[in-house]
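Q: compute the structure for the input listed below.
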Amino acid sequence: MHGFDPRDWWWWRDTRDETPNRLLSCGLIGALCLCIASFAPPPLFLPVAAELLWMAALGSAAGAVLRGERVLMPQMTGWDEAAALAAAALLARLLAGLLMSAPPAA
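A: Okay, here's the model as predicted:
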């Protein structure tokens, strides 16, 4: 039998795969960034969304560093979440650049 030790608080930790939780949190963070960016004026929506997604990616990477997660793991980690958010930010910046440089429709 396992006795309770207040200094050993890791014994209760669930060891199941956290990938579905990470995917859900990544999607919710991305949706929150897009929701906040929707308050910007229409021409600035994509640049603001890109910046918010980039800040969220940096926050996910900082969380992964603080938790001591390794980069190459079989399950999804904070590093994968940061990469997905950074890719969304890059896509938003590319779309913003394409839309800003397009000539106005006549």
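
Q: flag the shaky bits of the protein, pLDDT-wise.
A: 1-15, 102, 105-106 (pLDDT under 70).

Q: mind checking the SS state of the residue nearest the centre of it?
A: Central residue of the chain (Cα atoms, centre = their mean): residue 85, 4.2 Å from the mean position. What DSSP: H, G, I helix; E, B strand; the rest coil gives for residue 85 is helix.

Q: quickly note the distance from it to residue 71.
A: 15 Å (Cβ to Cβ, to the nearest Å). Bear in mind the C-beta positions are built from the backbone N, C-alpha and C, glycine included.

Q: got it, and residue 97?
A: From residue 97 to residue 71 the distance is 29 Å (Cβ to Cβ).

Q: the two: who's more crowded?
A: Each of residue 97 and residue 71 has its neighbours counted (other Cβ atoms under 10 Å); residue 97 has more, 13 against 10.

Q: for that one, helix, strand, or coil?
A: Once three-state DSSP is applied, residue 97 turns out helix.

Q: so what's residue 89 up against?
A: Residue 89 sits next to 49, 50, 51, 53, 54, 57 when contact means Cβ atoms under 8 Å, 6 or more residues apart in numbering.

Q: reformat the residues you listed as CSV; add neighbour count, secondary structure and distance to residue 40.
A: Output for the contacts of residue 89, formatted as CSV (neighbours: other Cβ atoms under 10 Å; DSSP: H, G, I helix; E, B strand; the rest coil; distance: Cβ to Cβ, whole Å):
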residue, neighbour count, secondary structure, distance to residue 40
49, 25, helix, 8
50, 22, helix, 11
51, 17, helix, 10
53, 25, helix, 13
54, 18, helix, 15
57, 24, helix, 19
